[in-house]
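Engineer: What shape does this take:
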Amino acid sequence: MPQNDRPVKCPGCELFFKRTEEEFEYIKNRYWHKKCYANQRNQAIEKEKLLKYIEQLLHKKIDYKINNQIKNYTEIRKYTYEDIYHALYYFFDIKGNSIAKANGGIGIVPYVIEEAKNYFQQKKAIASKAQDIDPIIEIRIVKIQDPTKKPKYKINRIINISEI
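Structural biologist: Numbers count the residues shown, from 1 in each chain. Prediction:
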């Protein structure tokens with residue numbers, strides 16, 4: 001059996017595959033399915049976006065409490081990083097709630113996540129419908145006279161005093 005035909009384990013989905021039969025990415029001595037690696041990169045980008053937003057929102061570095069909450073939400077409750085970001089953005093930026101309500105953490109997420117999902121789904125649906133509509137363009141030429149400009153000719157009326 002050739003060395004290349006030996007099954008390898010994808011660290012993303014933890015399934016075995018043969019390198020000769022499937023497309024793969026070779027990263028840091030590991031063989032990844034192309035889709036698994038792309039998904040992993042997207043999650044890393046979303047996590048970084050979430051962490052930067054939380055730091056900017058709470059004006060402090062990510063501490064143990066927030067890390068623990070994020071871990072709980074992603075591993076136990078199966079929320080995505082994007083869903084957590086949307087929930088926080090919805091609660092604080094869109095609804096305009098005070099940061100003092102956060103109490104140094106992100107404990108509000110489970111209470112507003114469904115409302116935030118609905119809000120962003122509706123927003124996405126509206127944007128896609130608006131994109132589908134063809135704009136009706138009608139060109140009209142309108143001439144507007146300058147009010148400071150005097151007319152070219154002047155009508156002089158001659159009044160006959162005897163007729164009055």
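Engineer: Strands along this protein, start to end?
Structural biologist: Secondary structure of the chain (DSSP state E): strands at 7-9, 16-18, 24-27, 30-33.
Engineer: And the contacts of the first one?
Structural biologist: Identification of contacts with strand 7-9 by CB atoms under 8 Å, 6 or more residues apart in numbering yields L15, F16, F17, K18, R19, F24, Y31. Heads up, the C-betas are built off the backbone N, CA and C, glycines and all.
Engineer: didn't R19 look like it was pressed against Y31?
Structural biologist: Yes - with contact defined as CB atoms under 8 Å, R19 reaches Y31; the gap is 6.3 Å.
Engineer: ok so, going back, CSV for the strands of the chain, including mean neighbour count, distance to A127 and mean pLDDT?
Structural biologist: Below are the strands of the chain laid out as CSV (neighbours: other CB atoms under 10 Å; distance: least, CB to CB, whole Å; pLDDT from 0 to 100):
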stretch, mean neighbour count, distance to A127, mean pLDDT
strand 7-9, 14, 40, 87
strand 16-18, 14, 38, 85
strand 24-27, 15, 32, 84
strand 30-33, 19, 31, 85
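Engineer: Indicate which one of those is closest to Y111.
Structural biologist: Of all the strands of the chain, it is strand 30-33 that lies closest to Y111, at 36.1 Å by CB to CB.
Engineer: Return the list of helices and strands in contact with the closest one.
Structural biologist: strand 24-27 (3 or more CB pairs under 8 Å, 6 or more residues apart in numbering; DSSP states H and E).
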